[in-house]
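Participant: sequence first, then the predicted structure:
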Amino acid sequence: MNNFSTYVFDVDGTLAQTNELIFESFRYVSKKYLNKNVSNEEIISLFGPSEDVILKELMHDEFHPARKDYFEFYMNEHDNYVKNFDGLKEVLELLQSNNKNLAVFTGKGTESANITLEKIGFANFFEILSTGDNVKNHKPAPDGIINILEHYNIPESELLMIGDSPHDVEASNKANVKIASVVWDSYAPQEVKAMNPDYIFYTVEEFKSFIESTLKN
């Protein structure tokens, strides 16, 4: 078993059940500014860069008001759409109590990432927040992982990436780190499975047992 010092978490679909909120936020501004009803599949096809990048591409001259409306909707509707995953807070507490490094690597922008981490009560667990706003190249590029490796000055073997998407698997492979794919709320579980991640977990309970086993080494 690997002796990891650093655990890096994705946000959407990994730390919280946020996908429905993201879909509805994009749907809201697309209907308001483009008079277009967009499907979940259309929205998923845009995933990778931060909301700002996506909104600029979609909204053009309407970017600034659309951005304001997007984040107001995201904030105001957060509690109506987002759910925590039972048992995950205990996993983070366990890692923290064992003096492990905890970081976030997400394609989300900093604003939405902070909103979600604050609202689900996880903000204080993470020392580093690497978002789509503070990397040169967004997921599936490995920039965020590489930045975290450099911050802690650790070898690749000590970092475990935890995420739900194909982009997380690809970014981890490019960074030469292990990936734990968690598909309890993945939008593409079969695609993730087909990519042969180092570890795959279908429930938080399975993941917690794995974490406990890594801490025994």
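Facilitator: Noted; the coordinates are in hand.

Participant: all strands for this structure, in order.
Facilitator: If DSSP state E is used as the criterion, the strands of the chain fall at 6-9, 16-17, 83-84, 101-105, 128-130, 159-163, 178-182, 199-201.

Participant: can you list those in TSV and add distance to residue 70 and mean neighbour count?
Facilitator: In short, each C-beta sits where N, CA and C put it, glycine included. Output for the strands of the chain, formatted as TSV (distance: least, Cβ to Cβ, whole Å; neighbours: other Cβ atoms under 10 Å):
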stretch	distance to residue 70	mean neighbour count
strand 6-9	24	25
strand 16-17	18	20
strand 83-84	21	14
strand 101-105	21	22
strand 128-130	20	20
strand 159-163	23	26
strand 178-182	26	25
strand 199-201	31	18
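
Participant: could I get these as TSV with mean pLDDT and distance to residue 169?
Facilitator: Formatted as TSV, the entries for the strands of the chain read as follows, by pLDDT from 0 to 100; distance: least, Cβ to Cβ, whole Å:
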stretch	mean pLDDT	distance to residue 169
strand 6-9	98	13
strand 16-17	94	20
strand 83-84	91	24
strand 101-105	98	13
strand 128-130	95	17
strand 159-163	98	8
strand 178-182	98	5
strand 199-201	98	10
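
Participant: residue 215: which of those is closest?
Facilitator: Comparing the strands of the chain against residue 215 with Cβ to Cβ, the closest turns out to be strand 6-9 (10.7 Å).

Participant: and the closest one, how far from the chain's centre?
Facilitator: 11 Å (Cα atoms, centre = their mean, to the nearest Å).

Participant: re earlier: dump the strands of the chain into CSV; add distance to residue 216 as well.
Facilitator: Conversion of these to CSV gives the following (distance: least, Cβ to Cβ, whole Å):
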stretch, distance to residue 216
strand 6-9, 15
strand 16-17, 28
strand 83-84, 27
strand 101-105, 18
strand 128-130, 26
strand 159-163, 15
strand 178-182, 17
strand 199-201, 16
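
Participant: so which of those strands gets nearest residue 37?
Facilitator: Put simply, out of these the one that sits nearest residue 37 is strand 16-17, at 23.0 Å, with distance taken as Cβ to Cβ.

Participant: show me what the closest one packs onto, helices and strands only.
Facilitator: Judged by 3 or more Cβ pairs under 8 Å, 6 or more residues apart in numbering; DSSP states H and E, strand 16-17 is in contact with strand 83-84.

Participant: so what strands line up beside the strand it packs on?
Facilitator: Each strand pairing with strand 83-84, determined using DSSP bridges, is listed with its direction: strand 16-17 (antiparallel).

Participant: ok, and what's touching the partner strand?
Facilitator: Applying Cβ atoms under 8 Å, 6 or more residues apart in numbering, the contact partners of strand 16-17 are 82-85, 116, 120, 122, 185.

Participant: low-confidence stretches in this structure?
Facilitator: When the per-residue scores of the chain are filtered using pLDDT under 70, the ranges that remain are 1-2, 217.

Participant: kindly list the longest helix within it.
Facilitator: Taking DSSP state H as the assignment, the helix of the chain that covers the most residues is helix 19-34.
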